[in-house]
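Sequence and predicted structure below; questions after.
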Amino acid sequence: MRVFDIKFKRKVVRDYLSGKGGYKILAAKYDIADSLVRTWVGAYQHHGNAGLDRQRGRYTNEFKLGRDRV
């Protein structure tokens with residue numbers, strides 16, 4: 001599985017939002033699945049740049065031990 005950096009994702013999303021092509025056209029241009037373009041655009045529209053950042057299931061030790069509760 002390929003991992004895409006945030007700069008590449010932003011470039012694809014910017015191209016889509018500026019009207020340089022639809023999902024399928026941009027997918028062909030960048031040699032990626034059109035579902036990725038659709039996912040990245042939706043994530044960007046909903047969460048901004050943070051939506052394009054890879055989310056890794058990292059939890060703090062405090063959370064794991066239940067100490068983060070008030």
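The structure has been received and is ready for your questions.

Quickly note the distance from residue 34 to residue 17.
According to Cβ to Cβ, to the nearest Å, residue 34 stands 16 Å off from residue 17. Using the backbone N, CA and C atoms, a C-beta is placed for each residue, glycine as well.

who's more crowded, those two?
Remark: of residue 34 and residue 17, residue 34 carries more neighbours, 14 against 11, as counted by other Cβ atoms under 10 Å.

Apart from its neighbours in sequence, what residue is nearest that one?
residue 27 (3.9 Å; Cβ to Cβ, 6 or more residues apart in numbering).

Quick one: residues contacting the one you found.
33, 34, 36, 37 (Cβ atoms under 8 Å, 6 or more residues apart in numbering).

now do residue 13
Contacts of residue 13 by Cβ under 8 Å, 6+ apart are 40, 41, 44, 52.

Which of the three states applies to the residue nearest to residue 20 when sequence neighbours are not counted?
Spatially, and ignoring its direct neighbours in sequence, residue 20 is nearest to residue 26 (7.2 Å; Cβ to Cβ, 6+ apart). Of the three states, residue 26 takes helix under DSSP: H, G, I helix; E, B strand; the rest coil.

Residue 26 contacts residue 15, doesn't it?
Yes - using Cβ atoms under 8 Å, residue 26 is in contact with residue 15, at 5.6 Å.

Who has more neighbours out of these two?
residue 26 (22 against 17).

Would you mind listing the buried residues in stretch 15-31?
By neighbour count on 16 or more other Cβ atoms under 10 Å, the buried set for stretch 15-31 is 15, 16, 21, 23, 26, 27, 30.

From the chain's centroid, how far away is stretch 26-39?
12 Å (Cα atoms, centre = their mean, to the nearest Å).

go on, stretch 1-14?
7 Å.

For the one residue sitting closest to the centre of the chain, give its distance to residue 29.
In the chain, the centroid-proximal residue (Cα atoms, centre = their mean) is residue 52; its distance is 2.8 Å. Residue 52 sits 18 Å away from residue 29, going by Cβ to Cβ.

now swap in residue 62 and tell me
If you go by Cβ to Cβ, the gap between residue 62 and residue 29 works out to 45 Å.

could you give me the average pLDDT of stretch 3-21?
For stretch 3-21, mean pLDDT is 96.
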